[in-house]
Each structure stands twice: as C-alpha cells, then as structure tokens.
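Asker: sequence? don't have it. structure:
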C-alpha cells in the first residue's frame with residue numbers, strides 16, 4: 001500500500017516554499033483555486049500534453065482534478081484524477097483509480113451492458129437513418145406548406161369580409177344583402193373543406209412518422225429498464241468514505257434525492273475519486289480544484305484551462321457525505337454584498353433602481369437582504385408585487401420596481417411582448433472577431449448541473465442576443481449586449497459559447513473562470529413607453545468598470 005501511495009502522490013519541489021496553506025478545505029461548488037492547486041494543475045496539464053496517444057480523444061476536452069494532500073510525515077504533494085474514462089479505461093499510472101472498478105464486473109453485468117450498447121447502436125441507426133430523417137423533413141415541409149395555404153385562405157377571407165363590410169354601409173337591396181350572407185357562409189364552408197382535406201393528407205404522412213416514433217419510444221423504454229436494473233446493481237457496490245472514516249453506499253447517499261437510482265456516471269467524476277483515494281490511504285486533504293483540459297466541449301460550455309465547480313446533480317450528494325469531518329470553507333456565494341440600491345427614477349406607479357453586484361433580487365433561503373427587502377424598508381407603503389424582472393446576483397445595474405399589482409402586471413406584459421428594450425455592458429475574457437452581429441443559440445437547463453444552462457438545438461428555447469463591440473484592450477473585449485429574449489443566463493452562455501462570442505464574461509464562475517471577485521456584467525439602460533402616461537422613458541446608468 002505504501003509503495004502504491006508513492007506512485008499516486010506527486011510531490012512538489014522547492015517552489016512551494018513560502019506558499020501559505022489554506023486555513024480550511026475547499027468548498028467544491030464555488031471556490032477560488034489555491035496557488036498550490038494551480039501549480040498541481042499545471043503539472044497535470046504538461047503530463048497530459050505529452051501523451052500523444054490521448055490527443056485525438058482530448059480534442060473535445062475532459063474534466064481533470066487535483067487534490068493537494070499532506071502525508072503522514074508532513075510532506076505536501078498532490079493527487080490527480082480525471083472524470084470517466086480515458087482511452088477506454090479508468091486506470092492510468094499518473095492518476096488515482098476509480099472508486100469502483102467497472103472493468104472487473106461479473107459476466108452478468110457485462111452481458112447486460114453489451115445488450116444496452118447494442119440497443120443504443122440500433123437506436124442511433126434508426127434515428128439517424130436517411131429514411132427516418134427524410135420522413136421528418138417531409139412532415140416538417142408539409143406542415144409548413146399546409147399552414148401557409150390555410151393562412152393565405154384566411155387572409156383572402158379577411159379581405160372579402162372587409163369588402164362586404166364596406167358594401168353593407170351602402171344602400172343595398174334585401175337580395176344583395178342576402179348574397180353577401182351567402183358568400184360569407186360559402187367561404188367559411190370552403191375554408192373548412194380545405195382544412196379537412198389538407199389535414200387528411202397531412203395525417204397520412206404524419207402517421208408513417210408516428211409509427212416509427214412509437215418504435216423508437218418503445219426501444220428507449222426497454223433500454224431504460226435494462227439500464228436502471230444494471231445501474232441499481234452496480235451502484236450497490238459503490239461505497240464512499242468520509243473524513244470521519246465512515247462509509248456509505250451510493251444508493252443510500254442518493255435516497256434523499258427522490259431518484260429511482262443515482263444519475264448515470266455518479267461517482268465517476270474527478271472529485272469523489274480524489275477524496276476516496278486520500279481517505280483510503282490516510283492522506284490529509286488540503287485543497288482541491290477541477291479544471292477542463294484539451295479542446296472545448298461540444299456538449300457543454302467548458303473552456304480549456306478554466307477551473308469549474310463540482311457538478312451538483314452527480315457530485316452534490318456524494319461530496320456532501322465525503323466532506324463530513326473536514327473543516328470546509330464557507331460557500332462564497334453566501335457572502336452577499338451589503339451594498340445598497342440607488343433609486344434613479346421614481347413616480348407614483350414605479351421605481352427604477354441601480355442594483356449593486358452581489359445583491360439578490362429577492363430574498364434567498366439563507367439571506368434576507370435583497371432589492372425587494374431594501375425597497376420595503378425604503379417605501380413601506382408600496383403594495384407590490386415589487387420585482388418585475390430579475391438580475392443575476394453577481395450582475396449589477398438597472399431594475400424596474402412596480403408599486404402596485406396593476407402596474408406590475410402591465411410591466412411584465414411589456415417585457416413578455418418585448419416592449420422594453422434592455423441593454424447591458426460586459427467585459428469579456430478574450431477578443432471577439434466581428435464588430436457587431438446577432439447570436440441565435442437555443443438554450444435549456446443542464447438538469448444534472450443546475451443552475452447551468454446548455455445550448456441545445458433539439459431541446460432548447462429560442463434565445464437571441466444582439467451584440468456590438470465597444471473596445472478591445474489587453475485581450476479583453478468590452479461589448480454592448482441587447483437580449484431579444486430573456487432566457488436564464490442567456491448573455492453569459494451566448495458570450496462563452498464557441499458558437500457565440502467564444503469569450504466568457506470576466507468573472508463568470510459558471511461558464512468562464514473562478515478567478516475574479518465579481519461578474520463584469522451590468523444592466524446599463526432601459527427604454528420603454530410609460531404604460532400610464534404614454535411618454536417615452538429612457539433610463540441609463542453607466543457601468544463602473
């Protein structure tokens with residue numbers, strides 16, 4: 001065991017002399033990487049870059065982690081890990097082993113796993129077959145064509161109705177009026193017959209696609225049953241230690257998460273592997289960090305060389321158990337700003353305030369101070385609901401406040417109908433290629449890693465942002481951002497995504513890097529027509545960065 005330990009612990013040289021150690025262990029879901037973690041990460045990156053056999057696989061990047069540890073004799077070193085597999089295995093000399101070795105599973109597991117792999121290949125073949133894709137395209141095309149024909153027919157009916165309405169205002173005989181009524185009835189009947197005929201033809205085409213979709217859904221259902229059975233049995237064998245020396249099965253750790261089984265891949269991330277190895281070998285954890293290395297991720301917004309928090313969906317419950325017994329840093333996200341809002345506009349119906357960065361829009365679970373609570377202290381007579389729209393806690397800038405229920409409803413409707421123009425200023429970590437343009441990347445939540453969002457053409461909702469470069473200096477770009485839609489984290493995702501601006505907002509701990517004290521995003525201006533006075537309103541507060 002001692003010999004194996006020395007193979008996995010990589011010791012620092014003289015360069016760490018004078019580097020102060022952290023007083024507490026890293027809070028893994030929000031942290032600033034410790035200098036020793038950065039040094040360890042650099043060594044891991046150099047090692048990975050020397051592995052020519054991994055270059056192709058790492059073009060899409062991978063999450064790595066380092067854990068600074070103290071040995072029994074007081075020496076400082078670090079452990080390294082990666083998430084999932086590399087070159088089809090979780091075992092590599094430089095890195096700690098997995099918590100449970102799937103490669104030594106029994107034959108029954110391997111048989112079921114082989115069946116699931118075959119099912120997945122068959123599903124992929126079916127869903128990506130030229131026949132299925134052509135059928136989907138045909139259904140889409142026919143649907144658009146049907147809707148256009150019906151739309152044109154409705155427009156012709158509107159024109160005819162307008163003509164009849166004009167004629168009815170003139171002197172018409174009873175016979176002429178009757179003809180107008182008959183014409184209206186005939187057009188409505190014709191439209192109904194057209195609609196029924198088109199829908200009948202479309203149904204026949206759609207039915208063929210529905211039959212194939214049913215087969216796909218059934219295959220997915222069977223695969224899910226097999227997968228749940230397999231995972232349930234495998235996860236029984238995952239046993240995690242904590243700093244107190246206690247052990248717990250993975251399935252028991254997730255019992256309070258309202259899940260039938262833990263998420264796929266739970267326990268295979270870098271952070272649990274690092275802590276498990278340290279506890280097994282009586283190494284004292286000092287600090288930990290996870291970073292992305294290789295190429296940019298295709299599925300998520302991950303930038304090579306940037307540090308990231310542990311995922312909440314898979315690692316949240318596991319690390320919550322494993323960290324018991326360690327003196328862990330406070331959650332930096334709980335260190336809210338004690339800044340006060342500044343009122344920059346007010347009338348009898350509404351207010352506009354400048355929110356400082358770090359202040360919540362509404363009270364959180366563990367913190368009462370917020371824009372809402374400060375407004376109530378300043379204006380105890382307002383009835384609300386107050387908050388019309390929100391800003392990220394980490395962002396600063398303009399927010400509209402409604403003083404009563406009626407104006408709140410009107411302002412929210414204006415936001416929904418895009419009658420209120422919002423403009424932001426952001427400082428990006430990188431250089432944007434084009435001076436001005438539009439980003440159209442649909443978005444949806446990353447359900448196992450909330451509050452992160454991902455770009456998804458299949459599941460995402462429309463998200464559109466107009467941008468204009470204001471200044472480029474020292475490899476940083478100052479931009480003006482105007483969101484047409486209002487998706488969660490829209491500006492942060494559109495800035496960081498490689499298909500967007502490919503330059504994350506400075507200080508963005510979710511999509512960029514956790515090395516800044518604040519998020520450099522500021523809601524600078526609001527323009528709208530006052531819903532009560534009908535007068536144009538222009539509000540602007542320049543960013544202080």
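Answerer: All right, it came through fine. Computed from a predicted model, the values in this text were never measured in an experiment. Numbers count the residues shown, from 1 in each chain.

Asker: tell me where the chain has helices.
Answerer: Counting by DSSP state H, the segments of the chain that form helices are 2-8, 35-50, 107-127, 130-168, 174-235, 250-253, 270-280, 312-322, 371-378, 405-416, 490-496.

Asker: any idea which of those helices is most buried?
Answerer: Of all the helices of the chain, helix 490-496 has the most neighbours on average by mean count of other CB atoms under 10 Å, namely a mean of 27. C-betas here are computed from N, CA, C, even on glycine.

Asker: identify the residues contacting that helix?
Answerer: If you take CB atoms under 8 Å, 6 or more residues apart in numbering as the criterion, helix 490-496 is touched by 301, 303, 392, 424, 426, 428, 439, 441, 443, 453-455, 463, 465, 467, 479, 481, 483, 487, 500-505, 508, 510-512, 519, 521.

Asker: present the helices of the chain as CSV; the columns should include distance to residue 360 and mean pLDDT.
Answerer: Conversion of the helices of the chain to CSV gives the following (distance: least, CB to CB, whole Å; pLDDT from 0 to 100):
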stretch, distance to residue 360, mean pLDDT
helix 2-8, 42, 59
helix 35-50, 29, 96
helix 107-127, 43, 85
helix 130-168, 43, 92
helix 174-235, 36, 90
helix 250-253, 30, 91
helix 270-280, 27, 97
helix 312-322, 19, 94
helix 371-378, 7, 92
helix 405-416, 19, 95
helix 490-496, 17, 96
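
Asker: quick check: closest non-adjacent residue to residue 241.
Answerer: Distance criterion CB to CB, 6 or more residues apart in numbering; nearest residue to residue 241, sequence neighbours excluded, is residue 279 at 4.1 Å.

Asker: just the contacts of helix 490-496: which are in strands?
Answerer: Assignment to strands by DSSP state E places the following of the contacts of helix 490-496 there: 424, 426, 428, 439, 443, 453-455, 465, 467, 479, 481, 483, 521.

Asker: which among these gets closest to residue 239?
Answerer: Within the set of the ones in strands among the contacts of helix 490-496, residue 454 lies nearest residue 239; the separation is 31.6 Å, counting by CB to CB.

Asker: these two touch, right, the closest one and residue 442?
Answerer: No - because the distance of 9.8 Å does not satisfy CB atoms under 8 Å, residue 454 is recorded as not touching residue 442.

Asker: residue ranges with poor pLDDT in the stretch 401-545 of the chain?
Answerer: Applying pLDDT under 70 to the predicted model, the residue ranges of the stretch 401-545 of the chain that meet it are 514-515, 517.

Asker: number of residues surrounding residue 13?
Answerer: For residue 13, the number of neighbouring residues by other CB atoms under 10 Å comes to 7.

Asker: and it, what pLDDT?
Answerer: Among the per-residue scores, residue 13 shows a pLDDT of 75.

Asker: backbone dihedrals for it, please?
Answerer: Note on residue 13: backbone dihedrals following degrees, to the nearest 10 are phi -90, psi -150.

Asker: now it: how far from residue 50?
Answerer: As judged by CB to CB, to the nearest Å, residue 13 and residue 50 stand 18 Å apart.

Asker: burial of residue 440, as a residue count?
Answerer: Neighbour count for residue 440, taken as other CB under 10 Å: 14.

Asker: ok, the one 3 residues further on next?
Answerer: Counted with other CB under 10 Å, the neighbours of residue 443 add up to 22.

Asker: for the residue most central in space within the chain, list the residues it contacts.
Answerer: For the chain, the residue sitting closest to the mean C-alpha position, by CA atoms, centre = their mean, is residue 453 at 1.1 Å. Contacts here follow CB under 8 Å, 6+ apart; on that basis residue 453 touches 443, 444, 445, 446, 487, 488, 489, 490, 493.

Asker: against residue 179, how distant is the residue lying farthest from the centre of the chain?
Answerer: Here the chain has its C-alpha centre computed as a mean, and the residue farthest from that point, by CA atoms, centre = their mean, is residue 173 with 66.9 Å. As for residue 173, its distance to residue 179 is 9 Å (criterion: CB to CB).

Asker: between the two, what contacts are shared?
Answerer: In the contact map built from CB under 8 Å, 6+ apart, no residue is linked to both residue 173 and residue 179.

Asker: and residue 506, how many residues sit next to it?
Answerer: The local packing of residue 506 (other CB under 10 Å) involves 23 other residues.

Asker: quick one, phi/psi of the nearest residue to it once chain neighbours are set aside?
Answerer: What sits nearest to residue 506 in space, not counting adjacent residues and going by CB to CB, 6+ apart, is residue 520, at 4.1 Å. Dihedral angles of residue 520 (phi, psi; degrees, to the nearest 10) stand at phi -90, psi 70.

Asker: which residues sit in contact with residue 520?
Answerer: If you count contacts by CB under 8 Å, 6+ apart, residue 520 has them with 426, 427, 505, 506, 507, 545.

Asker: go again with 10 Å.
Answerer: The neighbourhood of residue 520, defined by CB atoms under 10 Å, 6 or more residues apart in numbering, consists of 357, 394-396, 425-429, 476, 478, 505-508, 512, 543, 545.

Asker: just the buried residues from those, in ChimeraX please.
Answerer: One line in ChimeraX is enough to select the buried ones among the contacts of residue 520; burial here means 16 or more other CB atoms under 10 Å:
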select :357,394,395,396,425,426,427,428,429,478,505,506,507,508,512,543
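
Asker: ok, the closest residue to residue 229 other than its chain neighbours to residue 296 distance?
Answerer: Spatial nearest neighbour of residue 229, chain neighbours left out: residue 112 (7.1 Å); criterion: CB to CB, 6+ apart. When CB to CB is applied, the distance between residue 112 and residue 296 equals 34 Å.

Asker: likewise for residue 69?
Answerer: Taken as CB to CB, the spacing of residue 69 relative to residue 296 amounts to 30 Å.

Asker: so these two - more neighbours on which side?
Answerer: residue 69 (26 against 17).

Asker: tell me the contacts of that one?
Answerer: Under the criterion of CB under 10 Å, 6+ apart, the contact partners of residue 69 comprise 5, 8-10, 75-79, 274-275, 277-278, 281-288.

Asker: try residue 458
Answerer: Residue 458 neighbours (CB under 10 Å, 6+ apart): 442, 444.

Asker: I'd like the distance between the residue nearest to residue 229 and residue 98.
Answerer: Where residue 98 is concerned, residue 112 sits at a distance of 19 Å (CB to CB).

Asker: likewise for residue 178?
Answerer: Following CB to CB, the distance that separates residue 178 from residue 98 is 84 Å.

Asker: with residue 161 instead?
Answerer: Taking CB to CB as the measure, residue 161 and residue 98 are separated by 71 Å.

Asker: can you check residue 8 too?
Answerer: Counting by CB to CB, the gap from residue 8 to residue 98 is 13 Å.

Asker: joint contacts of these two?
Answerer: 81, 277.

Asker: residue 12: what's it in contact with?
Answerer: Applying CB under 10 Å, 6+ apart, the residues near residue 12 are 19, 36, 39, 40, 43, 68, 75, 76, 77, 78.

Asker: what's near enough to touch residue 540?
Answerer: Residue 540 sits next to 344, 398, 423, 524, 525, 526, 527 when contact means CB under 10 Å, 6+ apart.
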